[in-house]
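# Let's see this in three dimensions:
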Amino acid sequence: MKLNCDMGESLGAWTVGNDAQIMPYIDMANIACGFHASDPDTMSTTVVLAKQHGVSIGAHPGYADLQGFGRRSIPHTHAQITHLILYQVGALQGICRLHQANVDYIKPHGALYNDMMKDVALFSSVIEAARQLQLPLMVLATDNADYLHIAQRANVTLIHEGFVDRRYTKGKQLAPRTLKGAVMTELDEVKHQAQALISGSTFSSIDNAPIQVVADTLCVHGDGSNALIFAQHLRDLINEQAK
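The predicted structure is shown next:
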């Protein structure tokens, strides 16, 4: 099991998250590419930090929505979705080249991530970008056969992701942030869900239905106020499981 974190989301004079403190505890850093957050200097700083700690670098593209932090859906044609991702990943690849590093995978951000998991045609547009770049795509852990077939047909590897600080619906989608309790802030409940995800056992959805999610990696959101504490405890849980 790998631990990933959304990072590099500061912008200009505004600092978001505790990237320098969290980086030693994670395996994969999803680095914002400038559309929902970040800027060239922040991207460079985060790439250097990831390289120092031997952390895999992922591109974290989103809708062009700085005001909404990429959490608002914006209509696009399917070609525009592909172009949107290629543009942002290309920017991060340029920064990585400066530091003799590589982008290892793609993980869409926020509303773009949620939209691709609900719209098979939009998902296909994201897959096309990943196919062109020959990079794996991180997705919400799913047993959706259509999605698996689309990725296999495009020869794109999927990295299945579970969330420790977000509640799920009974359909195994992320509960909307507008719902009370959708964002988990207490360490005990985060650890409980993480243990279930690591062991492959069932846990409760936001509507109290038992669900099981089979994941390759766990996500902690780097902009959360308790992100550092969560990352430290999750690292310990994963290390215990690996023994």
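
# okay, which residue is most central for this protein?
Centroid-nearest residue in the chain, with C-alpha atoms, centre = their mean: residue 107, separated by 5.0 Å.

# Not counting sequence-adjacent ones, nearest residue to it?
Sequence neighbours aside, residue 138 is the residue nearest to residue 107 in space, at 3.8 Å (criterion: C-beta to C-beta, 6 or more residues apart in numbering). Yep, even glycine has a C-beta here, placed from its N, CA and C like the rest.

# which stretches of this structure form helices?
For the chain, helices defined by DSSP state H occupy the ranges 19-22, 40-52, 78-98, 110-116, 120-133, 145-153, 187-199, 227-242.

# Go through these and pick out the most buried.
Comparing the helices of the chain by mean neighbour count (mean count of other C-beta atoms under 10 Å), helix 110-116 ranks first with a mean of 21.

# So for that helix, mean pLDDT?
Mean pLDDT, helix 110-116: 96.

# Output that helix as CSV, nothing but the C-alphas.
C-alpha atoms of helix 110-116 as CSV (Å, rounded to 0.1, in the frame of the first residue of the first chain):
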residue,chain,number,x,y,z
GLY,A,110,-11.4,17.9,-7.5
ALA,A,111,-14.4,18.3,-9.7
LEU,A,112,-12.5,17.0,-12.8
TYR,A,113,-11.7,13.8,-10.8
ASN,A,114,-15.3,13.4,-9.6
ASP,A,115,-16.7,14.1,-13.1
MET,A,116,-14.5,11.5,-14.8
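
# Need the contact partners of it.
Here helix 110-116 makes contact (C-beta atoms under 8 Å, 6 or more residues apart in numbering) with 36, 61-63, 65, 69-74, 81, 84, 107-108, 122-123, 126, 139-140, 173-174.

# about what we covered before: so in terms of bridging, what pairs with the residue nearest to residue 107?
Bridge pairing for residue 138 (DSSP bridges) gives the partners residue 159.

# re earlier: export the helices of the chain as TSV, with columns for distance to residue 162.
TSV is the format used below for these (distance: least, C-beta to C-beta, whole Å):
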stretch	distance to residue 162
helix 19-22	18
helix 40-52	21
helix 78-98	22
helix 110-116	13
helix 120-133	18
helix 145-153	16
helix 187-199	4
helix 227-242	11
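
# Mind checking which of the contacts of helix 110-116 are buried?
Buried members of the contacts of helix 110-116, counted by 16 or more other C-beta atoms under 10 Å: 36, 61-63, 65, 69-71, 73, 81, 84, 107-108, 122-123, 126, 139-140, 174.

# hang on, the earlier thing: can you pull the contacts of the residue nearest to the centre of the chain?
Contacts of residue 107 (C-beta under 8 Å, 6+ apart): 4, 6, 30, 58, 59, 60, 113, 137, 138, 159, 161.

# Closest one to residue 231 out of those residues, please.
residue 4 (10.2 Å; C-beta to C-beta).

# tell me the contacts of the closest one?
Going by C-beta under 8 Å, 6+ apart, residue 4 touches 26-30, 58, 107, 138, 161, 217-220.

# mind listing which of these are in strands?
Mapping the contacts of residue 4 onto strands (DSSP state E) picks out 28, 29, 30, 58, 138, 161, 217, 218, 219, 220.

# Identify the bridge partners of the second one.
By that I understand residue 29. Applying DSSP bridges, one finds that residue 29 bridges with residue 5, residue 57.

# That one: neighbour count?
Residue 29 has 26 neighbouring residues, counting by other C-beta atoms under 10 Å.

# And it, how far from residue 47?
When distance is defined by C-beta to C-beta, to the nearest Å, residue 29 is 9 Å away from residue 47.
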